[in-house]
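Novice: give me coordinates for this.
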Amino acid sequence: MSIDTESGREAPSELSTKKVKSIFASIAKKYERFNAISSFGAYRAWIDALVRKAPVTHESVVLDVAGGTGDISFAIAQKKHPARIHCTDLVPEMLEVARIHMDEGASDGVPVEFAVVDAQDMALPDEMCDVLTVAYGIRNMPRREQALAEMYRVLRPGGTILCLEFSTPKNRIWRALYRFYLTHMIPFWGGIITHDRSGFVYLANSIKAFPNQESLAKMFEDAGFEDVSWTDLTGGIAAIHMGTKPSS
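Specialist: Residues are numbered from 1 along each chain as shown. Got it, this is the predicted structure:
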């Protein structure tokens, strides 16, 4: 099934793909600054939490799907030093920022390869990676079941998938405050920082329309992953979902 990622309603995939590429191409150079300011720095702690959980060794090959400007790739490179990292994204402008960071030494000597890839149809070999990460990416994919099937395909048997995504606070009051912040403050900060308020109206709406923790875990299980679990961050504003591909 294909959906409009802003509303969650069924729609042709081209609608969301075109919108996502346009928005992230226009904000690529200011995306990291927006994340830091709008989350009051929490996004960096969330990335650190994902890296701590990632079972990466010096022999691991890591695939960072929807890797954007390289936050996850470079954090793993600096803290886990895997054999190599493949950082992919749908939007070339985001990867251009990642390449600048690479030139500045952000990979700490770890080889990082960049490629423009649609996660819903990855022209990548079967079983190519030991660990697969995706942060704030599945939410922007209109064919999510197909994307998860592709992630399953490229992961080696016994490999681990880790997904960092915005989620749903369980506490009713905290959830209401969070939705207020999404509706009013995310577009405000986006307009101030990037001068593209409309792109952050989309961002807020896509977060509100995204499945909760239980529903996303079910999608992982339906894709074939085992030992699926999640860890809430900042009261459920975000969550890290994990799963493994069966060894046989």
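
Novice: show me where this protein has its helices.
Specialist: 13-27, 31-38, 42-53, 71-80, 92-103, 144-154, 172-180, 186-194, 197-209, 213-222 (DSSP state H).

Novice: turn those into TSV, including mean pLDDT and distance to Val61.
Specialist: For the C-beta atoms, the positions are set from N, CA and C on the backbone; glycine is no exception. Shown next, in TSV, are the helices of the chain (pLDDT from 0 to 100; distance: least, CB to CB, whole Å):
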stretch	mean pLDDT	distance to Val61
helix 13-27	89	26
helix 31-38	83	25
helix 42-53	96	16
helix 71-80	98	11
helix 92-103	97	17
helix 144-154	98	10
helix 172-180	94	36
helix 186-194	82	34
helix 197-209	88	30
helix 213-222	98	21
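
Novice: point out the most buried one among those.
Specialist: Of the helices of the chain, the one with the most neighbours on average (mean count of other CB atoms under 10 Å) is helix 71-80, at a mean of 23.

Novice: centre-most residue in this structure?
Specialist: Ala135 (1.9 Å; CA atoms, centre = their mean).

Novice: coming back round to it: which of the helices of the chain sits closest to Gly235?
Specialist: Each of the helices of the chain has some distance to Gly235 by CB to CB; the shortest is helix 172-180, at 5.1 Å.

Novice: quick one, what contacts the residue nearest to the residue nearest to the centre of the chain when sequence neighbours are not counted?
Specialist: For Ala135, ignoring the flanking residues on the chain, the nearest one in space by CB to CB, 6 or more residues apart in numbering is Leu164 at 4.1 Å. By CB atoms under 8 Å, 6 or more residues apart in numbering, the contact set of Leu164 is Trp46, Ile47, Leu50, Ile72, Thr133, Val134, Ala135, Tyr136, Ala238, Ala239, Ile240.

Novice: ok, the fifth one touching Val62?
Specialist: Put plainly, it is Thr133. Yes: at 6.8 Å, Thr133 counts as touching Val62 under the criterion of CB atoms under 8 Å.

Novice: joint contacts of the two?
Specialist: Joint contacts of Thr133 and Val62 (CB under 8 Å, 6+ apart) are Ala54, Ile76.

Novice: looking at those two, which is more packed in?
Specialist: Thr133 (30 against 25; other CB atoms under 10 Å).

Novice: bridging residues for that one?
Specialist: Asp64, Leu162 (DSSP bridges).

Novice: and it, how close does it get to Ala75?
Specialist: 10 Å (CB to CB, to the nearest Å).

Novice: so what's the residue count around Ala115?
Specialist: Neighbour count for Ala115, taken as other CB under 10 Å: 14.

Novice: should've said Glu104
Specialist: With other CB under 10 Å as criterion, Glu104 counts 9.

Novice: check what pLDDT it gets.
Specialist: Listed pLDDT for Glu104 reads 97.

Novice: ok, now which ones touch it?
Specialist: With CB under 8 Å, 6+ apart, Glu104 has no contacts at all.

Novice: again, but for Asn171
Specialist: Neighbours of Asn171 in contact, by CB under 8 Å, 6+ apart: Gly235, Gly236.
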